[in-house]
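Student: Predicted model, plus sequence, below.
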Amino acid sequence: MDIIKQISDNLQRGEDEEVYNFTRRAIEQNLPAKSILDDGLIAGMSVVGEKFKAHEIFLPDVLLAAKAMYAGMDQLKPLMIKEGIPTIGKVVVGSVQGDLHDIGKNLVAIMLRGAGFEIIDLGNDVPPEKFIDTALENEAAVIGMSALLTTTMPVMKKVVDLVKARNLSDKVKIIVGGAPLTEDYARQIGADAYGFDGMNAVDKVKELLGLH
Ligand code: B12
């Protein structure tokens, strides 16, 4: 079986060591980084995303696949920079102030990364200003916020209001998500988009950036 397919198949099975080894071998054989990424890692991850959406696999499987994706991607990063594969946009992500839940946010970050976005992950418990300052410093066009607690959801509105107050609405778009959120709530607080899972987040962010 060819190496690229081995990378994709092993990623789908969450075999991080195998993905590491096959990616290493692919690099040694001078296969283009773009092909290793697109046809190996990203192709595998998109199968995982579809299966997760269809409830054929579950969260632990996705987390294992994610770990495997990193095992490959970390080796490719320097090559990708060298080959100059353009990222399609930068997204700042984080769980809002007071919120320590980060599993969902991490999944969203992984899916976005897999789709070609550069992710600046601020972790959890992120103060409102930090989202905006980081987006400006890095010229990121999108901020993605996660909240899992009804008590931390209002922090998202603070960020939206700050973006408006600083006249940045044209520069920075905001997408929100997390189990207690709804499309309605996102609209109410003035966010630009709402995403219900990682795959949906990819679609919505692309839409925000006019990439569809
Ligand atoms: C795991 C968990 C924890 C873990 C978190 C570990 C971690 N590193 O994240 C720990 C044990 C730390 C924890 C702590 C607490 N938790 Co808790 N926790 C959960 C639990 C069981 C699962 C959350 C999870 O990871 N789900 C899996 C992920 C994949 O789903 P997700 O987060 O929803 O993310 C998906 C989507 O929402 C979306 N998404 C998420 N973020 C974003 C962002 C963007 C931009 C987009 C587009 C999409 C998106 O995409 C993701 C992928 O599909 C939930 C129950 C539940 N049903 O949600 C309770 C839950 C959220 N916790 C709850 C509570 C009460 C607490 C505590 C207050 C408990 C306590 N008394 O101490 C603390 C609060 C800590 C804090 N300050 O944040 C309540 C919240 C109730 C409420 N109404 O607010 C819940 C609902 C449990 C319950 N039914 O009571 N918790």
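Tutor: Good, I have the coordinates.
Student: For the rest of this, base every contact and every neighbour count on C-alpha atoms.
Tutor: Fine.
Student: now stretch 138-145, how far from the centre of its chain.
Tutor: Distance of stretch 138-145 from the chain centroid (C-alpha atoms, centre = their mean, to the nearest Å) equals 12 Å.
Student: contacting residues around it?
Tutor: Here stretch 138-145 makes contact (C-alpha atoms under 8 Å, 6 or more residues apart in numbering) with 89-96, 105, 131-132, 134-135, 156, 171-177, 205, 209.
Student: Buried members of the residues you listed into ChimeraX, please.
Tutor: In ChimeraX syntax, the buried subset of the contacts of stretch 138-145 is picked out as below (16 or more other C-alpha atoms under 10 Å):
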select :89,90,91,92,93,94,95,96,105,131,132,134,135,156,172,173,174,175,176,177,205
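Student: In helices, which of the contacts of stretch 138-145 appear?
Tutor: 105, 131, 132, 134, 135, 156, 205 (DSSP state H).
Student: Quick check: of these, which lies closest to the ligand?
Tutor: residue 105 (4.3 Å; C-alpha to the nearest ligand atom).
Student: that older thread, restrict the contacts of stretch 138-145 to those near the ligand?
Tutor: When the contacts of stretch 138-145 are checked against the ligand using C-alpha under 6 Å from any ligand atom, the ones in range are 105, 175, 176, 177.
Student: farthest pair in those residues?
Tutor: Across those, no pair lies farther apart than 105 and 175, at 11.8 Å, counting by C-alpha to C-alpha.
Student: so where's this protein uncertain?
Tutor: Along the chain, segments meeting pLDDT under 70 span 81-86, 212.
Student: Show me what from it comes close to the ligand.
Tutor: Going by C-alpha under 6 Å from any ligand atom, the residues of the chain near the ligand are 98-105, 107-108, 144-146, 148-151, 175-179, 194-198, 201.
Student: can you tell me which of these are in strands?
Tutor: Counting by DSSP state E, the part of those found in strands is 144, 145, 146, 175, 176, 177, 194.
Student: show me what contacts residue 158?
Tutor: Residue 158 neighbours (C-alpha under 8 Å, 6+ apart): residue 128.
Student: Give me the buried subset of the residues of the chain next to the ligand.
Tutor: Applying 16+ other C-alpha under 10 Å to these flags 98-102, 104-105, 107-108, 144-146, 148-149, 175-178, 194-198, 201 as buried.
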